[in-house]
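**Q** My questions concern the predicted model and sequence given below.
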Amino acid sequence: MRITVFGAGYVGLVTAACLAELGNEVLCLERDPARIALLERGQLPIHEPGLAELVTANVGAGRLRFSSDADGGMAELQFIAVGTPPDEDGAADVEHVLQAARTIARRMAGFQVIVTKSTVPIGTAERVRAAVQQELDARGSGLSFAVVSNPEFLKEGAAVHDFMQPDRIVLGVEAGTAGRRAAALLTALYEPLNRHHPRTVWMDTRSAELTKYAANAMLATRISFINEMANLADLIGADIEAVRCGIGADQRIGYSFLYAGCGYGGSCFPKDLQALGRLASEAGQPLRLLRAVEAINNDQKLMLGQRILARFGDDLHGHVFAVWGLAFKPDTDDVRHASALVLIGQLLRANACVAVYDPVAHATARRALEQDRSLGPEALARLRYASDPMNALQGADALAIVTEWKQFRSPDWRQVKALLRQPVVFDGRNLFEPRLMAEAGIEHHSIGRPPRARLAMASAGAALPAQGGQNA
């Protein structure tokens, strides 16, 4: 099929590359000429495992092109995958979506299927339909079209896998002849992904739009729930890892997104919860649970800094701290709403010096921190970007681990102890077994894993629960 994708951001680029990989002819439209030039050179504006190889291969095969010229973008299917940033009141701004819809309408020459891939408020498909119809009426055209809601469910760091091997493909279609024509085209498009077993879930457009928000709200809720339990476990001497295994074994609950830590970040969860909350308030049904989820998460992001201050004092002048991990999760350079940036801000405002390391997120973190109005030039002068994890430790009083990159999971603890002034580790993702850290002579601060609970399990001969990471 011939497909146009509006937007070469995270969702648009992954969608375009993966659809091209399935054998389609894809034109990816992007307004930023610098980004187009970057992509044509085989370079990506984002870090996403496997995506660069996919883009390079399909550009080379002639199945994927990038352009800023919408005149060449008429195809059977038009995917809108542009940004929907939050506005001042937290609602998602869909103006870029509507602009793309109008662009399509001005150039339509036959039946068109317009697919919203962006995360959009409920009712956006109807607004897209109205915008397209208004343009067609202005042209005096009676062309037929269909609007489909096809939300993305892509995890940063695993987006290519998630697109090519999806848990589900949600498609919201309109009733009537145009909707049936659209359903037939999309059935053919996604047939390669349904070959082993059906993954498509059909519904109306409003339900599809709400499905995206509800999914992210549920995942965020699970994270905040386990963090609440971890904070309680700290106070009463229980071990949250044992609790996680105990409740996760219940098939009604499962293990996913039940890893205690220092809070979730990224663009999706915070933005989508705010947008859903705004929508619910306008509908007269405030979502009290989601307000609590957000409040818990905001508090959780402060926890590592609070523990460091409790251990070393409120004024950290003369102290140096190493931070491993800047991205909000592994395998991405995205630092939006990242817990690490919150921690770094706390330490710098308390007069500490901070040395940080992340495999890929130095540039994005530097930009974000320089835009933080609470951090002046003097504070940022006390921030150092290390060349490798061990370099960050030199002369530091303690190490804080905030992102669960695989390379952080098995460090040489003898070298760590030799480089740190004091053998103190604040484990923000519960990567390390407290008993083993104690045996290595390291003062280990985890989340929801007080030492006496672990010692009791070890003395009783209990099996230690397996460690994991947040699959967000």
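**A** Noted; the coordinates are in hand. Numbers count the residues shown, from 1 in each chain.

**Q** Hmm, Thr4 is touching Leu77, no?
**A** Yes. If you go by CB atoms under 8 Å, Thr4 and Leu77 touch, sitting 7.4 Å apart. Every C-beta, even on glycine, is put in place using the N, C-alpha and C of the backbone.

**Q** mind checking how far stretch 293-304 is from the chain centre?
**A** 17 Å (CA atoms, centre = their mean, to the nearest Å).

**Q** Can you name the element that comes right after the top helix by length along the chain?
**A** Assignment by DSSP state H gives helix 205-236 as the longest helix of the chain. Next helix or strand after helix 205-236 toward the C-terminus (DSSP states H and E): helix 240-248.

**Q** Kindly calculate the angle that that next one makes with helix 205-236.
**A** Relative orientation of helix 240-248 and helix 205-236, computed by axes from the mean of the first three to the mean of the last three CA atoms, to 10 degrees: 140 degrees.

**Q** For helix 240-248, list the C-alpha coordinates in PDB.
**A** C-alpha atoms of helix 240-248 as PDB (Å, rounded to 0.1, in the frame of the first residue of the first chain):
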ATOM      1  CA  ILE A 240       8.600  -5.300  49.100                       C
ATOM      2  CA  GLU A 241      10.300  -7.700  46.700                       C
ATOM      3  CA  ALA A 242       8.800 -10.600  48.700                       C
ATOM      4  CA  VAL A 243       5.400  -8.900  48.700                       C
ATOM      5  CA  ARG A 244       5.700  -8.300  44.900                       C
ATOM      6  CA  CYS A 245       6.300 -12.000  44.300                       C
ATOM      7  CA  GLY A 246       3.500 -12.900  46.700                       C
ATOM      8  CA  ILE A 247       0.900 -10.800  45.000                       C
ATOM      9  CA  GLY A 248       2.300 -11.200  41.500                       C
END
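
**Q** End to end on stretch 315-328, go ahead and measure it.
**A** End-to-end distance for stretch 315-328: 27 Å, by CA to CA, to the nearest Å.

**Q** what does stretch 278-296 give?
**A** 18 Å.

**Q** What lies in contact with it?
**A** Applying CB atoms under 8 Å, 6 or more residues apart in numbering, the contact partners of stretch 278-296 are 89-91, 121-122, 213, 217, 220-221, 224, 227-228, 270, 273-274, 276-277.

**Q** Pull out the buried positions in it.
**A** 278-280, 287, 290, 293-294, 296 (16 or more other CB atoms under 10 Å).

**Q** Just the helices from the stretch 51-200 of the chain, written as ranges.
**A** Using DSSP state H, counting those that start in this stretch, the helices assigned to the stretch 51-200 of the chain run over residues 51-60, 95-107, 124-139, 159-164, 177-189.

**Q** Please tell me how far the last one is from the chain's geometric centre.
**A** Spelled out, it's helix 177-189. The answer for helix 177-189 is 30 Å, by CA atoms, centre = their mean.

**Q** So which residue is smack in the middle of this protein?
**A** Gly266 (4.3 Å; CA atoms, centre = their mean).

**Q** Dig out what the nearest residue to Val424 once chain neighbours are set aside forms beta bridges with.
**A** In space, and not counting its chain neighbours, Val424 is closest to Ala398: 3.8 Å by CB to CB, 6 or more residues apart in numbering. Beta-bridge partners of Ala398, counted by DSSP bridges, are Phe321.

**Q** measure Ala398 to Ala355 for me?
**A** Counting by CB to CB, to the nearest Å, the gap from Ala398 to Ala355 is 11 Å.

**Q** Now do the shared contacts for the two.
**A** Common contacts of Ala398 and Ala355 (CB under 8 Å, 6+ apart): 321-322.

**Q** Please save the CA atoms from stretch 261-271 in CSV.
**A** What follows is stretch 261-271, C-alpha atoms only, in CSV (Å, rounded to 0.1, in the frame of the first residue of the first chain):
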residue,chain,number,x,y,z
GLY,A,261,11.4,2.6,42.7
CYS,A,262,11.8,6.3,42.7
GLY,A,263,8.8,7.1,40.4
TYR,A,264,7.8,6.9,36.8
GLY,A,265,8.7,9.6,34.2
GLY,A,266,8.7,10.0,30.4
SER,A,267,6.3,11.9,28.3
CYS,A,268,3.3,9.5,28.2
PHE,A,269,2.2,8.8,31.7
PRO,A,270,2.4,12.3,33.2
LYS,A,271,0.9,13.9,30.1
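
**Q** How far off centre is it?
**A** 7 Å.

**Q** what's in contact with that stretch?
**A** Outside stretch 261-271, the residues touching it (CB under 8 Å, 6+ apart) are 85-86, 92, 119, 156, 216, 219-220, 223-224, 227, 294, 297-298, 300-301, 303-304, 328-329, 334-339, 342-343, 402, 404, 428-430, 447, 470, 472.

**Q** tell me which of the buried residues of stretch 278-296 is nearest to Thr177?
**A** Here the nearest of the buried residues of stretch 278-296 to Thr177, counting by CB to CB, is Leu279; it sits at 30.5 Å.

**Q** if we can go back for a sec, between Thr4 and Leu77, which is the more surrounded one?
**A** Using other CB atoms under 10 Å as the criterion, Thr4 and Leu77 rank with Thr4 on top: 28 against 22.

**Q** What distance do you get for that one to Thr119?
**A** On the measure of CB to CB, Thr4 and Thr119 end up 19 Å apart.

**Q** now Lys155, nearest residue through space, not along the chain?
**A** Counting by CB to CB, 6+ apart, the nearest residue to Lys155 once its immediate chain neighbours are dropped is Asp162, at 5.6 Å.

**Q** list the contacts for that neighbour?
**A** By CB under 8 Å, 6+ apart, the contact set of Asp162 is 153-155.

**Q** ok, now how distant is it from Cys18?
**A** For Asp162 relative to Cys18 (CB to CB), the value is 9 Å.

**Q** List phi and psi for Trp202.
**A** Trp202 adopts backbone torsions of phi -90, psi 140, taken as degrees, to the nearest 10.

**Q** Tell me which residues touch it, please.
**A** Per CB under 8 Å, 6+ apart, neighbours of Trp202: 171-173, 183.

**Q** Just put the residues you listed in a markdown table and tack on pLDDT and distance to Thr103.
**A** Listed next are the contacts of Trp202 as a markdown table, based on pLDDT from 0 to 100; distance: CB to CB, whole Å:
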| residue | pLDDT | distance to Thr103 |
| --- | --- | --- |
| Leu171 | 98 | 23 |
| Gly172 | 98 | 22 |
| Val173 | 97 | 22 |
| Ala183 | 97 | 24 |
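
**Q** buried subset of the residues you listed?
**A** Neighbour-count burial (16+ other CB under 10 Å) applied to the contacts of Trp202 gives 171-173, 183.
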